[in-house]
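Participant: sequence? don't have it. structure:
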């Protein structure tokens, strides 16, 4: 478990740092010029001589000094006219804001090496380590969030995800309309987009997802369709029956949509945020859009009850190095990538979690920036 | 230009076909069980003994017999209780509905061949043909729509897309918030997500897209930001100054968003549909989400004023075969794929269009299903 | 198990077919103009009124009528001046040669479908079916060949391949110098190209593969390095200790090379062919070069002792759809693709084989062209 | 043009460094235990108190003190028993060998950034810079080598490569049998593996590459086939008629092979090395195998006649980030990647070179490690 020290603000380099400056927002949803734009790294703001961490850290947002005297990270669109917004471009403290980047981003260079890339299908995946993190997180009462794309359903990793839900390893599921549609088509008809469980097209299958959606719309909601026996198995069934909250975010690609899907992207972000602010671990499988959206909202770290900081374990699974690289290019540096398909990832991870449950490993110390 | 014949409905095989059956929708947004689920192929419905093509064809929708006596393809969510919906599972006419698949999907097999895959980075791209299609479409007064992802902007194909807009090759631009954000960041700061035009990160660059968004929000709209000189170049500038309509669809990944973005996915689909129903050609560049969304709404064919049918030329550009394959797997079979990056595609296509304008080629006859 | 019928050569369509024509090779390693170029499909040659299948079928070769009166498929480079070579371009029998393509290549088209692509990371992999094929092949005394690339070793699927070797599922291993180098580096130093088993670079690690090669060169051969205790575990160790033959083919990328590597490509092909002509199944993992090379040499079918033909099961595993598509584009149509990484494939396949051994499934009938 | 300083060996940190130690090779082709394994970075060896750079630097080799008193980098396999081989594991001088890594590999970390990945299809390609490098290199009388895979030929970038050959931008072409086979098939039949220039399969096309090979074998050599009019255009024709040397390296995948192909991998490496030791620039297009092989042989730097060091410009073009990443993972850190297809790269690069010839840009200073 990688932990990080708070900087020593008594050090000489911080001696001449001023308090941060706050400027009122000029209009609802508009920031003052020169606003400080946040990252997902630990960010200390000097107020009345004290360096403080704002609540609800995330990137691409503003730091607001609330009427409660606390510091909050807020999205631009949430700002009200007159709210006090931190300004400044420097991240080294000289404008009263200090981003502790070095602890997270590490140092590079120095030695000729082979196999130094961060993400490659050629690199071994340490499933035992991921399994250990999941089990330890559950033991601690953590809040692991799972974010999945439809390939997980097409490739029939449904049973494995159901198992993780049943075993208490999923505190929230964030996905799109399609994940639920394909899962429910599989529950009702045994196919996804008309494809059978062994990957063959079925005759007349192209309409089955529409028929599945239609039945849920007729029932009124996913929960009602579970209750009335329309949906008897699968991911959504497991979420409903085990009380695991899910957020289904709409997109322009959606058929239907299913009842309960957030068709408004802002409302969907808000619904996601209710979970990301509590997250203690994130598993992102086979989705670029939802993974990046979630990464945007997640801090790279967790503040423990005792005030210490540790890395927020973030696993990103995709068949292409590109998607993991894109997630990192959007700032989620802490993600470690697994280049494989969703089916295999889910199946092996479950296997290693079962092994970990049978015979727990000693916590391994992962190096910072791993 | 690939054209298709209407079936000969006087042939014996159609002699015993009945009229299609219509059943009222049981509730708003809910279809009757057994509804006919549409494809993007020419679909003939027998009403009062006559085989007719519905208006506004697209896949994953229902066929409605309107009060006007016409047939309309409508999305499930648009249905009102009591509307008359075609039912049936068969596509061969025996329930009064005939899908002319063979003309489009062709026949396979028969001979051992190398290089028979549909999409591969190893296959030559016939840019002269695409250029010819674009120029011919403009000459005919067509309605080409362009759908792009942010990589087009990051890779600095902005200038080339501006050229296509200026030259009248773009009748509508469908994209997401990010395309506009990065384009406007480039217009104001010269960077995209802080990356310069030669691909290097700039110091303090990670906040520049937020500053760009903030300025447009302060201005009130993209058009106002063009008018007041905040935005002086680029794609959005060209759209505004040349009167080319654009639809910016929101997603859960969005920062901001910019004013004018459709944050509701259903409203965004409706806004896109206003253009897809008129489309005579589609160019989809570097976006899986928007390409598939658009493909879902497009018919595979155009009905000419004289009633003949021809293929709707659909070009899908991506660096990975997978994205083109995924588009086809979602039913947009007519797409022909170009496996390359957005920068190179745009630059070479422009070059070939310039050549075509200088010296027009004779129309080439592309085989069906090419 | 997909089986194929011999054509009914008494049918009227074959009545007017002549005997095939044979022309002497004009020089060693040179074919007569108009030679018949083979495919990997069942090919019948009419000699003295009888339709016969040549021995050792493969693509890109010539058909020779030997002095023994038998027909042989021979590579161009093996031809001696004066050997009798079949000529003809037609594959439909009218020149005395008939290729039974339709049975293998199937028919396409006809219906609108989703998910119709042949290879996609989104499609489920039927591991139970592959496991069943492997177990059944072993039970029959078959000759499964395995072809692997270095990613299998880097990703630490060594232990799983060792298990397959130990359990008798590998009758020959075809690979390159690098597979053996990395496997032996792992055996001696625990690293591959200096990377540890959890994917981290080790200090000074970049020279370890050279040190491993050097020790084997000092020992004289891989077998001697096993015998003298230099190599105590891993893939090469298992091959040596279990008497499984291996062919290590040289390439221009090779370091060393290790003793025993075939540095001459022609000799390497000959060494591979000794195994491909006996193959009853092929598993190709994480290598484009060796997979295509092997595919080139393999027929798409096996002739059973009783004369019936069945498909030669060929599994191709890669992280990218492109590699599987390329293999098919080079004519190995029978390959079914698994889009995943080597580590996960090997681990899950082993798991399913263990299950199959515990509780055998009934043979499943796979459709032709699956 | 990135240049590098020699270390200041009068600095105190080098004061206590000893001379390097040399140990005789114990047998032909075998190194002494503890040998120093080279990298592609500037490596200084202390002999008689002087720090010297060995000749013919490359990675994965040994440093030999020759009878001529000079230092040479030699591949293990070339060593003769008794040759004096440098030993040592340290690269910091304390064993008399100093690798100047920091200048090349740079420093990482420090600031939160977007788009910080080294290789991505989303990043703009600075074609003007590559064009400038090529033109400047030709002006200086440099020795640019080009390394290509068959996709360049399939995608019909032949004409562009011919242009580069004709204009003097290619001093040596390194490729495999397949590049020449497909190029010659295109010259004779207009197809590659039976595929036409617009990407369609031709009837009976699968044998055409074998017919092309056969004609060249009948002619006796590629040069003779050019002389006798069998080959009238294309890449090989241009090499022959313009006196540009080419090395065709054999592989286990080869059909034929063509006369002149080096079927022995060791001889092929030696033939390549005759060019890599002279290289002043390297352009690697659409080949993993040959690119990595060449990267293995290339130093990361060039020693100018005046003794200064500068980076050896190395461009690696592939449709997948993975291949460029793999090249870097094999130690060719200096490569900058272009993620695109071969057709587009060649076409646009030619365009920019034509522009550069019309209006030369001022030399741009690229940062080290760019």
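Facilitator: Yep, it's here. Remember, it's a predicted structure, so these values are computed and weren't measured experimentally.

Participant: residues in contact with the residue lying closest to residue A:3 once chain neighbours are set aside?
Facilitator: Ranked by CB to CB, 6 or more residues apart in numbering or on different chains and with sequence neighbours excluded, the top spatial neighbour of residue A:3 is residue A:310, at 4.5 Å. Every residue, glycine included, has its C-beta placed from N, CA and C. Counting by CB atoms under 8 Å, 6 or more residues apart in numbering or on different chains, residue A:310 touches A:1-4, A:301-302, A:304.

Participant: list the buried residues in stretch A:194-204.
Facilitator: Of the residues in stretch A:194-204, those buried by neighbour count under the rule 16 or more other CB atoms under 10 Å in any protein chain shown are A:194-196, A:199-202.

Participant: also stretch A:57-73?
Facilitator: In stretch A:57-73, residues buried by neighbour count (16+ other CB under 10 Å) are A:57-65, A:71-73.

Participant: any chance of a markdown table for the residues you listed, columns pLDDT and distance to residue A:278?
Facilitator: Supplementary listing: those in a markdown table, determined by pLDDT from 0 to 100; distance: CB to CB, whole Å:
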| residue | pLDDT | distance to residue A:278 |
| --- | --- | --- |
| A:57 | 96 | 13 |
| A:58 | 96 | 13 |
| A:59 | 96 | 18 |
| A:60 | 96 | 20 |
| A:61 | 97 | 17 |
| A:62 | 97 | 21 |
| A:63 | 98 | 20 |
| A:64 | 98 | 20 |
| A:65 | 98 | 24 |
| A:71 | 98 | 19 |
| A:72 | 98 | 16 |
| A:73 | 98 | 15 |
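
Participant: dump those to CSV, plus secondary structure and distance to chain D.
Facilitator: Converted to CSV, these look like this (DSSP: H, G, I helix; E, B strand; the rest coil; distance: CB to the nearest CB, whole Å):
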residue, secondary structure, distance to chain D
A:57, coil, 12
A:58, coil, 13
A:59, coil, 8
A:60, coil, 10
A:61, coil, 13
A:62, strand, 16
A:63, strand, 15
A:64, strand, 20
A:65, strand, 22
A:71, strand, 19
A:72, strand, 20
A:73, strand, 14
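
Participant: just to revisit the earlier point, give me the three-state assignment for the residue nearest to residue A:3.
Facilitator: Three-state secondary structure (criterion: DSSP: H, G, I helix; E, B strand; the rest coil) places residue A:310 in strand.

Participant: kindly report the same for residue A:208.
Facilitator: For residue A:208, the secondary structure call by three-state DSSP comes out as helix.

Participant: residue contacts, the closest residue to it other than its chain neighbours?
Facilitator: The spatially closest residue to residue A:208, leaving aside those adjacent along the chain, is residue A:189, at 4.7 Å (CB to CB, 6+ apart). Residues counted as contacts of residue A:189 (CB under 8 Å, 6+ apart) are A:208, A:211-212.

Participant: ok, so of these, who is nearest residue C:51?
Facilitator: Distances from these to residue C:51 were compared by CB to CB; the smallest belongs to residue A:208, at 45.6 Å.

Participant: shouldn't the closest one be in contact with residue A:196?
Facilitator: No. Contact status for residue A:208 versus residue A:196: not in contact, 10.8 Å apart, counting by CB atoms under 8 Å.

Participant: and for these two, which residues touch both?
Facilitator: Where contact means CB under 8 Å, 6+ apart, the residues bridging residue A:208 and residue A:196 through contact with each are residue A:202.

Participant: what strand or helix carries the closest residue to residue A:32 other than its chain neighbours?
Facilitator: Nearest residue to residue A:32 in three dimensions, chain neighbours excluded: residue A:23, at 4.1 Å (CB to CB, 6+ apart). Using DSSP states H and E, residue A:23 sits in strand A:21-24.

Participant: neighbouring strands - and their directions - for the next helix or strand after that strand?
Facilitator: The first helix or strand that comes after strand A:21-24 along the chain, using DSSP H and E, is strand A:43-47. On the basis of DSSP bridges, the sheet neighbours of strand A:43-47 come out as strand A:50-52 (antiparallel), strand A:97-99 (antiparallel).

Participant: let's have the ones you listed in a markdown table, adding mean pLDDT, distance to residue C:92 and mean neighbour count.
Facilitator: Listed next are the strands paired with strand A:43-47 as a markdown table, based on pLDDT from 0 to 100; distance: least, CB to CB, whole Å; neighbours: other CB atoms under 10 Å in any protein chain shown:
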| stretch | mean pLDDT | distance to residue C:92 | mean neighbour count |
| --- | --- | --- | --- |
| strand A:50-52 | 97 | 83 | 15 |
| strand A:97-99 | 97 | 73 | 23 |
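
Participant: centroid residue for chain A?
Facilitator: The C-alpha lying nearest the average C-alpha coordinate of chain A belongs to residue A:294 (CA atoms, centre = their mean; 4.0 Å).

Participant: need the contact list for it.
Facilitator: Residue A:294 sits next to A:145, A:147, A:174, A:272, A:276, A:282, A:284 when contact means CB under 8 Å, 6+ apart.

Participant: model confidence at it, what's the number?
Facilitator: The model reports residue A:294 with a pLDDT of 97.

Participant: for it, grab phi and psi.
Facilitator: phi -70, psi -40 (degrees, to the nearest 10).

Participant: picking that back up, going by neighbour count, which of the contacts of residue A:189 comes out on top?
Facilitator: Comparing the contacts of residue A:189 on neighbour count, residue A:212 comes out first with 28 neighbours (neighbours: other CB atoms under 10 Å in any protein chain shown).

Participant: if we can go back for a sec, what packs against the strand holding residue A:23?
Facilitator: strand A:84-87 (3 or more CB pairs under 8 Å, 6 or more residues apart in numbering or on different chains; DSSP states H and E).

Participant: repeat the analysis, applying 10 Å as the threshold.
Facilitator: Contact here means 3 or more CB pairs under 10 Å, 6 or more residues apart in numbering or on different chains; DSSP states H and E; on that basis strand A:21-24 packs against strand A:62-65, strand A:84-87.

Participant: can you give the contact residues for the first one?
Facilitator: Defining contact as CB atoms under 10 Å, 6 or more residues apart in numbering or on different chains, one finds that strand A:62-65 is touched by A:20, A:22, A:25, A:31-32, A:35-38, A:43, A:45, A:47, A:52, A:54-55, A:57, A:70-76, A:78-80, A:83-88, A:97, B:210, B:214.

Participant: what parts of the stretch 251-370 of chain A come near chain B?
Facilitator: Of all the residues in the stretch 251-370 of chain A, those in contact range of chain B (CB under 10 Å from any CB of the partner chain) are A:251-257, A:259, A:261-269, A:271-272, A:288-297, A:319-320, A:322, A:326, A:329-331.

Participant: let's see 8 Å
Facilitator: Counting by CB under 8 Å from any CB of the partner chain, the positions of the stretch 251-370 of chain A adjacent to chain B are A:251-257, A:263-266, A:268-269, A:272, A:288-290, A:292-293, A:296, A:319-320, A:322, A:329-331.

Participant: can you narrow those down to the ones near chain D?
Facilitator: Filtered for proximity to chain D (CB under 8 Å from any CB), these shrink to A:320, A:322, A:329-331.
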